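>>> The amino acid sequence is not available; the structure is as follows:
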Ligand SMILES: Cc1ncc(COP(=O)(O)O)c(CNCCCC(=O)O)c1O
């Protein structure tokens, strides 16, 4: 792509008013990003990485503008967070108003209505027509930790089973629940006890098992290696995120759920990445026809502000003693204001329907590519959560090398795209639900061009 004349020099503000274009004024990264990156190296712990070496000046709609005035197509949404768009006007207005009133009291010290309103909304919107309760936290991992605390307290049992390829966070317990060693777990042990792993339904790689067969395989292993009498909870992502956007075969989740119901095991759906419209429904559980006992949400919940939630059956959620749940910033008033505005946007701006429409565009275009490129072994996902798994055409083996090259070349061409997968060979597409079709298709066109240009030779 040729460089264009520099962008407007006025202060760049975010939101949908940003020019919705891919615009390269400098190479990626530009000089200001390079300078900031050297400062980052000197000031920030090395373990805090950066997928794309640019520094952000503004974002909105379907673009991120960097400090060198490059405008990049955003197919990452800050890892499935800014579904309603960066600096969504509803969110900006609600947060500004809250900031003027008060910034923090600690809900477990001096409560405030917005926390209750968020809980009421979550209880209404999540699957299940039974009485529910919610508790709010800051991060997805913190919510997962508390979902497990609650399930253990309710069942008086300790064991928890997670699945192959799972990702649940970076805290000690959630690292234990997470499957992939590098970069998430290596060197950070020992991990919490009483965490076990079961095989997942991975249709592209598990040899044609249908959903029921895959579930029965997992259940047998759980019964023989853990024992139902010890098992407090089963936690699973309805569509795995960091593990590679793995959509289980039909029947897998309902079979697991039925088994948990019959055996006094709490079924926890981790919808941190799949929740809040991302898959074209409010929650991925909806499409799977399952009603979890507990659902964990975060990411898309508050338009980019840090908020997470545990929502579940009242009898389970109320099991913990008073004072057993909380945290200084848990359900902060700023994040709750953002969440109420975000939920308003989902409900009134057609964004969930938009996610489903984006899914049609993504699946259509990526399946077109796959039809003529055997390096694309699988195209999968739902709504604005779709991925391609890249393989060696001769053997079907995961190909992490081409995955890295394609993502890197896309970044340099002005498209923010993320990879994932246990084998590092999945390119995922997580656009903001506010992206236009033209920009989305332009971003996919860049991926197509980069794939076509990749001859396997590693650039010198
Ligand atoms: C299903 C699922 N559960 C839990 C989490 C954890 O959510 P936190 O808000 O990052 O703690 C995630 C976060 N996924 C992206 C993390 C990326 C990174 O840390 O580099 C998730 O996807």
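Alright, I've got the coordinates. On a predicted model such as this, the values are computed, not experimentally measured, just so you know.

>>> contacting residues around whichever residue of the stretch 101-250 of the chain sits closest to the ligand?
At 2.3 Å from the ligand, residue 140 is the closest residue in the stretch 101-250 of the chain, using CB to the nearest ligand atom. C-betas here are computed from N, CA, C, even on glycine. Each residue near residue 140 by CB atoms under 8 Å, 6 or more residues apart in numbering is listed here: 168, 169, 270, 272, 296, 298, 299, 308.

>>> Determine which two of those are furthest apart.
Maximum pairwise distance in the contacts of residue 140, criterion CB to CB, is 13.0 Å, between 168 and 299.

>>> Looking at the two, which is more packed in?
Set side by side, residue 168 and residue 299 show more neighbours around residue 168, with 33 against 27, by other CB atoms under 10 Å.

>>> Buried ones in stretch 445-460, by neighbour count?
Buried residues in stretch 445-460, counted by 16 or more other CB atoms under 10 Å: 446, 447, 448, 450, 451, 454.

>>> In helices, which of the contacts of residue 140 appear?
Assigned to helices by DSSP state H, none of the contacts of residue 140 qualify.

>>> From those, which land in strands?
270, 296, 308 (DSSP state E).

>>> Quick check: the second one vs residue 263, distance?
Looking back up the chat, that one is residue 296. Separation of residue 296 from residue 263 (CB to CB, to the nearest Å) stands at 21 Å.

>>> more neighbours, the two?
residue 296 (30 against 14).

>>> got a list of what the more buried one touches?
The contact partners of residue 296, by CB under 8 Å, 6+ apart, come to 140, 143, 144, 147, 268, 269, 270, 271, 272, 308, 309, 310.

>>> could the residues you listed go into TSV alongside pLDDT?
Shown next, in TSV, are those (pLDDT from 0 to 100):
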residue	pLDDT
140	98
143	98
144	99
147	98
268	99
269	99
270	99
271	98
272	98
308	99
309	99
310	99
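
>>> Quick check: of the buried residues of stretch 445-460, which lies closest to the ligand?
residue 447 (21.2 Å).

>>> from memory that closest one sits against residue 410, does it?
Yes. Using CB atoms under 8 Å as the test, residue 447 is close enough to residue 410 to be in contact (5.9 Å).

>>> Find residues that contact each of those two.
Common neighbours of residue 447 and residue 410 (criterion: CB under 8 Å, 6+ apart): residue 417.

>>> now the helices for the stretch 101-250 of the chain?
Using DSSP state H, counting those that start in this stretch, the helices of the stretch 101-250 of the chain run over residues 113-125, 140-155, 172-177, 211-225.

>>> And for the stretch 301-450 of the chain?
Going by DSSP H, counting those that start in this stretch, the stretch 301-450 of the chain shows helices at 314-317, 333-348, 351-371, 400-412, 437-453.

>>> Summarise which helices and strands the second one is packed against.
Read it as helix 333-348. Secondary-structure packing of helix 333-348 (3 or more CB pairs under 8 Å, 6 or more residues apart in numbering; DSSP states H and E): helix 89-101, helix 113-125.

>>> Kindly report the same for the first one.
If you count contacts as 3+ CB pairs under 8 Å, 6+ apart, helix 314-317 packs onto strand 132-137, helix 140-155.

>>> quick one, phi/psi of residue 55?
As for residue 55, its main-chain torsions (degrees, to the nearest 10) stand at phi -110, psi 140.

>>> The ligand next: which of the contacts of residue 140 are close?
168, 169, 270, 272, 298 (CB under 6 Å from any ligand atom).

>>> can you redo those as a markdown table with distance to residue 326?
Formatted as a markdown table, these follow (distance: CB to CB, whole Å):
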| residue | distance to residue 326 |
| --- | --- |
| 168 | 21 |
| 169 | 18 |
| 270 | 21 |
| 272 | 20 |
| 298 | 17 |
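
>>> which of these are buried?
For these, a burial check counting by 16+ other CB under 10 Å picks out 168, 169, 270, 272, 298.

>>> Residues of the stretch 1-150 of the chain that sit close to the ligand?
With CB under 6 Å from any ligand atom as the criterion, the stretch 1-150 of the chain meets the ligand at residues 79, 139, 140, 141, 144.
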